[in-house]
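In: predicted coordinates and the sequence they were generated for:
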Amino acid sequence: MDWSLSTWWWIASGTLVAAELATGTFYLLMLALGAAAGAIAAHLGLGLNAQMLSAAVVGGGAVAAWHWKRGGTRPKVRASENRDVNLDIGEQVEVAEWQADGSASVQYRGARWSVRFAGSGVPQPGRHVIRRVEGNRLHVEPAA
């Protein structure tokens, strides 16, 4: 069985799609578009150099366009303040009383937690929002 160049391009495109499904790297789909462009160039009867060029231009251009659309890199947020890393951030706790040093102890998720006041002014008892988690210490601000 003699496979044409377009068949190899389609296999490469399918392999890139399968790799994207396995890894979740969306950029691989952009490269699969490039491989599909190479296959179309092969179907049009263009030579191998033109097929490679069209695959590189379309795939590379799609990667660059997607990267530009996403805004380059995401702003770095420390893990202790990132809700994607720690689901406690943004949750509320009830602080009954504060110590003179701005610390307290609260019951949260069935356990006793150490709390540190992270807001401005003097800490007052009441509802507070978790803004940061460092180890077993919650940094809180007054709830709005």
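Out: Looks like it arrived, so ask away. Numbering: from 1, shown residues only.

In: could I get the full set of helices for the chain?
Out: Remark: helices assigned in the chain by DSSP state H are 5-23, 27-43, 48-69.

In: can I get these in TSV with distance to residue 94, mean pLDDT and mean neighbour count?
Out: In this view, the C-beta of every residue, glycine as well, is placed from N, C-alpha and C. As requested, these are exported to TSV (distance: least, CB to CB, whole Å; pLDDT from 0 to 100; neighbours: other CB atoms under 10 Å):
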stretch	distance to residue 94	mean pLDDT	mean neighbour count
helix 5-23	43	95	16
helix 27-43	45	95	21
helix 48-69	43	94	15
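
In: residue 77: which of those helices is closest?
Out: helix 48-69 (19.9 Å; CB to CB).

In: tell me what angle the closest one forms with helix 27-43.
Out: Orientation check (axes from the mean of the first three to the mean of the last three CA atoms, to 10 degrees): helix 48-69 against helix 27-43 gives 150 degrees.

In: how far is helix 48-69 from where the chain is centred?
Out: 24 Å (CA atoms, centre = their mean, to the nearest Å).

In: pLDDT (mean, whole number) over stretch 102-115?
Out: Average pLDDT, stretch 102-115: 92.

In: would you mark the buried spots in it?
Out: 104, 106, 108, 113, 115 (16 or more other CB atoms under 10 Å).

In: show me what contacts the second one?
Out: When contacts are counted by CB atoms under 8 Å, 6 or more residues apart in numbering, residue 106 touches 93, 94, 95, 96, 112, 113, 115, 138.

In: can you check the first one too?
Out: Applying CB under 8 Å, 6+ apart, we find residue 104 in contact with 95, 96, 97, 98, 114, 115, 117, 123.

In: one step back: got the helices of the chain as JSON lines, with distance to residue 142 columns?
Out: Formatted as JSON lines, the helices of the chain follow (distance: least, CB to CB, whole Å):
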{"stretch": "helix 5-23", "distance to residue 142": "43"}
{"stretch": "helix 27-43", "distance to residue 142": "43"}
{"stretch": "helix 48-69", "distance to residue 142": "38"}
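
In: thanks a lot, catch you later.
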